[in-house]
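Undergrad: Sequence below, structure please.
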Amino acid sequence: MGTVIQYKQRSNDDRHQRWERLERADLLQQYDDLKAQGLSQRQVAQVLEVPRTTLQAWRAYQESLDACPAVVAFLHSVPGLAFLHRLVVALHLVYTEVGACGIRLVCLFLRITGLDRFVGASYGVQQRVNGRVEEAIVAYRREESARLAHEMPAKDITVAQDETFTGGLCLVGIDPVSNYILLEQAAQARDQDTWQELMAQALAGLNCQVIQSTSDEAPGLLAYVEHHLGAHHSPDVFHVQHELSKAVSAPMAAKQRAAVKAATKAEETLKRVQEPLAPLKGVRAQRSSGPGRPPKATPCLEQAAQDVEAAHHEHQRLAGQREQVTQSIRAIGHAYHFVDLERGVRRNGTLIAGDIQQHIDTIRTIAQQEGLSETGLDRIEKAERVVPKMQATIEFVSGYVRQQVRQLDLTPPVSYAMHAHLIPSLYLERVASTRTVTAGEPLRELAERMRTPLFASGGALSHLSLAEQSQLHEAAAKLADVFQRSSSNVEGRNGYLSLRNHQLRGLDHPRKRVCLTAVHNFFLTRPDGTTAAERFFGQKPRSMFTAILGAVEIPPAPLSPPLRAVG
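TA: Next comes the predicted model:
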């Protein structure tokens, strides 16, 4: 039996070089400078304390690379290596953490740009670089969260909560105002005890108090909010509308599709009846004045025409009923607002609940007329049970706003202006920001008409200084954000996680999920340039990219770069 020789493939990590890449580039720069001063290679080697043959090998290596000499000189200099370092780290951050690309696309980018002559472009090399980038992101999130939490001003917050099953069960909690992710962690269950354990860890060290939770009607969440969090639970209006849509809109759509098929079939039948009668029209016209029995096909033709008319009428009736259901579902969302969107006045919970109940009654009446199943009627009742909670939410927000304005110790005219004009106007602008520019323009115009007289000469706030006016405006903006009727930001986050789960073939690696959370909180920005962490903590975090750049070493050079052909 022959001897088995164990062979281990060589990699960049196996090379223990005496000089690091930056040190080597610096020595080469000094080598060129000293030679320009007239020193020989031997003298330069003695000054730099580097073997002369090593200096010669370095220079020969650069000259043999299959690339423009100016590019080679730059990317082997200290500034060039710093640029290369920054570029590769940025590729991993943007491609694999922010975007939905993989490491192989980073390798492809390096190859087609010719940078594989200066940095290892194999999958193994870039996989190790990506691992170090992710480790740096995890460390940055831990350190920066602790630093910002230590200097965080006290604040009351709302938490939008939900769970996603993408890549395994994951519990998610987000502050809807700042869009800062407080909790995004895999869990074994979604009961109240699990929510309590994970949320307690997420809120530990934060100088904030949760006054409200917005979510669906999941039993575990409701029990957590009531028994552990001790906050008000605000129902999600989307889930109310969704239940009604599943109860009525979906069955009505099925009936409407059946009506379309019936109309199409009736038209085909009418056409088949009419075709044999076409050549006999002249003969029938001659016999119409004479005696004899009428043609037997006439009743069939009349019946087919009546069937077509009846089918079209049924389709139009169902379309009208379905449109009425759709308008009623949309009207529920339109009614469930802290401020009347047409008049700009505050609304009380009783009126809002009455409007919502009226729309639900309309939907129930249509469902009963159409003979929908008991399951659909049960869904309507399920949505209807949320209406008292929606009324309670309006009353909770009104009470909280009154309490906070009272603590400002304002004069009666200023206090009235806050309640009746300033807070509603800012709420209208918040609603307008969620719509298209065209759809939101009437709301912005109404808000401007309400707010401008307050600061004009003789207005309720005109006698205040600019600093006091700014403070009132900031306080009113915070109070306008208290009413949170939807956990749509969590739903959007769950959709994003679903896309990343598909791209990564699973999100079961804890480090990757932490990286995605950190990028969302500390790297992505809104049009105003602020990150979610800055909006939540009230202070600007350190640059994530700078921290990663300082923690990740310069990627190694390729073992076998493309060389220029000799001769």
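
Undergrad: contacts and neighbour counts: CA atoms only from here.
TA: OK.

Undergrad: how about Leu454, what does it touch?
TA: By CA atoms under 8 Å, 6 or more residues apart in numbering, the contact set of Leu454 is Ala417, Ala460, Leu461, Ser462.

Undergrad: pretty sure Arg322 is touching Pro251, no?
TA: No: here Arg322 lies out of contact with Pro251, judged by CA atoms under 8 Å, at a distance of 9.6 Å.

Undergrad: Going by distance to Ser470, which of the contacts of Leu454 wins?
TA: Leu461 (10.7 Å; CA to CA).

Undergrad: Let me know the pLDDT of the closest one.
TA: In this model, Leu461 is scored at 91, pLDDT.

Undergrad: What of the one 4 residues further on?
TA: The per-residue pLDDT reported for Ser465 equals 91.

Undergrad: any idea how far it lies from Phe455?
TA: 10 Å (CA to CA, to the nearest Å).

Undergrad: And the two? Which one has more around it.
TA: Taking Ser465 and Phe455 together and counting by other CA atoms under 10 Å, Phe455 has the greater number of neighbours (15 against 10).

Undergrad: Leaving out sequence neighbours, find the closest residue to that one.
TA: Leaving aside its sequence neighbours, Phe455 sits nearest to Ser462 (CA to CA, 6 or more residues apart in numbering; 4.6 Å).

Undergrad: Please work out how many residues are found near that neighbour.
TA: 15.

Undergrad: Also Asp156?
TA: Asp156: 12 neighbours (other CA under 10 Å).

Undergrad: My assumption is that it lies in a strand; please confirm.
TA: Yes: the assignment for Asp156 is a strand, going by DSSP: H, G, I helix; E, B strand; the rest coil.

Undergrad: And it, how far from Gly538?
TA: 13 Å.

Undergrad: Ok, Ser215 next?
TA: 25 Å.

Undergrad: Helices of the stretch 451-567 of the chain, start to end?
TA: With DSSP state H, counting those that start in this stretch as the criterion, the stretch 451-567 of the chain has helices at 466-480, 488-504, 510-522, 532-537, 544-551.

Undergrad: Those helices into a markdown table, with extra columns for mean neighbour count?
TA: Below are the helices of the stretch 451-567 of the chain laid out as a markdown table (neighbours: other CA atoms under 10 Å):
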| stretch | mean neighbour count |
| --- | --- |
| helix 466-480 | 16 |
| helix 488-504 | 17 |
| helix 510-522 | 20 |
| helix 532-537 | 22 |
| helix 544-551 | 16 |
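
Undergrad: out of those helices, which comes closest to His92?
TA: helix 544-551 (10.7 Å).

Undergrad: Now do that closest one: which elements does it pack against?
TA: Helices and strands touching helix 544-551, by 3 or more CA pairs under 8 Å, 6 or more residues apart in numbering; DSSP states H and E, are helix 78-91, helix 123-150.

Undergrad: What mean pLDDT does that helix get?
TA: Here the average pLDDT along helix 544-551 is 95.

Undergrad: report the angle between the axes of that helix and helix 123-150?
TA: 120 degrees (axes from the mean of the first three to the mean of the last three CA atoms, to 10 degrees).

Undergrad: which stretches of the stretch 201-350 of the chain form strands?
TA: Using DSSP state E, counting those that start in this stretch, the strands of the stretch 201-350 of the chain run over residues 208-215, 232-235.

Undergrad: out of those strands, deepest packed?
TA: strand 232-235 (a mean of 26; mean count of other CA atoms under 10 Å).

Undergrad: partners of it in the sheet?
TA: Strand 232-235 sits in its sheet next to strand 208-215 (parallel), going by DSSP bridges.

Undergrad: relative to helix 488-504, how tilted is the strand it pairs with?
TA: Interaxial angle of strand 208-215 relative to helix 488-504 (the same axes, to 10 degrees): 80 degrees.

Undergrad: How far off centre is strand 208-215?
TA: Relative to its chain's centre, strand 208-215 lies at 20 Å (CA atoms, centre = their mean, to the nearest Å).

Undergrad: just stretch 128-136 next, same as before
TA: 24 Å.

Undergrad: State the pLDDT value of Gln126.
TA: On the pLDDT scale, Gln126 gets 94.

Undergrad: Please name the residues that touch it.
TA: Per CA under 8 Å, 6+ apart, neighbours of Gln126: Ile103, Val106, Cys107, Gly120.

Undergrad: Nearest to Tyr336 among those residues?
TA: Ile103 (46.6 Å).

Undergrad: From Ala319, how far off is the closest residue to Thr326 other than its chain neighbours?
TA: Using CA to CA, 6+ apart and skipping residues adjacent in sequence, the residue nearest Thr326 is Ser249, 7.2 Å away. Counting by CA to CA, the separation of Ser249 from Ala319 is 11 Å.

Undergrad: more crowded one of the two?
TA: Ser249 (23 against 18).

Undergrad: rewinding a little: adding mean pLDDT and distance to Asp26, write the strands of the stretch 201-350 of the chain out as CSV.
TA: Supplementary listing: the strands of the stretch 201-350 of the chain in CSV, determined by pLDDT from 0 to 100; distance: least, CA to CA, whole Å:
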stretch, mean pLDDT, distance to Asp26
strand 208-215, 94, 50
strand 232-235, 95, 62
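
Undergrad: higher neighbour count, Arg322 and Pro251?
TA: Set Arg322 next to Pro251 and count neighbours by other CA under 10 Å: Arg322 wins out with 22 against 18.

Undergrad: what residues are up against the more buried one?
TA: Ser249, Met252, Ala253.

Undergrad: worst-scoring helix or strand of the protein, pLDDT-wise?
TA: Lowest mean confidence among the helices and strands of the chain (mean pLDDT, DSSP states H and E): helix 281-287, at a mean of 52.

Undergrad: What's the separation between the nearest residue to Val89 once chain neighbours are set aside and Ala136?
TA: Of all residues not flanking Val89 in the chain, Leu549 sits nearest, at 6.8 Å (CA to CA, 6+ apart). Going from Leu549 to Ala136 by CA to CA gives 9 Å.

Undergrad: number of nearby residues for Pro412?
TA: 10.

Undergrad: can you give me phi and psi for it?
TA: phi -50, psi -40 (degrees, to the nearest 10).

Undergrad: contacting residues for it?
TA: Here Pro412 is in contact with no residues (criterion: CA under 8 Å, 6+ apart).

Undergrad: Let me know whether Gln469 touches Leu461 as I believe.
TA: Yes: Gln469 lies in contact with Leu461 (CA under 8 Å); the separation is 7.0 Å.

Undergrad: Apart from its chain neighbours, what residue comes closest to His312?
TA: His312 sits nearest to Ala263 (CA to CA, 6+ apart), 5.9 Å away.

Undergrad: re earlier: so can I have TSV of the strands of the stretch 201-350 of the chain showing distance to Ala475?
TA: Formatted as TSV, those follow (distance: least, CA to CA, whole Å):
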stretch	distance to Ala475
strand 208-215	16
strand 232-235	21
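
Undergrad: quick one: which of these is nearest His315?
TA: The closest of those to His315 is strand 232-235. By CA to CA, the value is 35.8 Å.

Undergrad: Now find how far off-centre the closest one is within its chain.
TA: The answer for strand 232-235 is 22 Å, by CA atoms, centre = their mean.

Undergrad: hey, C-alpha coordinates of it in PDB?
TA: This file holds the C-alpha atoms of strand 232-235, laid out as PDB (Å, rounded to 0.1, in the frame of the first residue of the first chain):
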ATOM      1  CA  HIS A 232     -52.400  51.000  26.600                       C
ATOM      2  CA  HIS A 233     -53.000  48.700  23.600                       C
ATOM      3  CA  SER A 234     -53.900  50.400  20.400                       C
ATOM      4  CA  PRO A 235     -55.600  48.100  17.800                       C
END
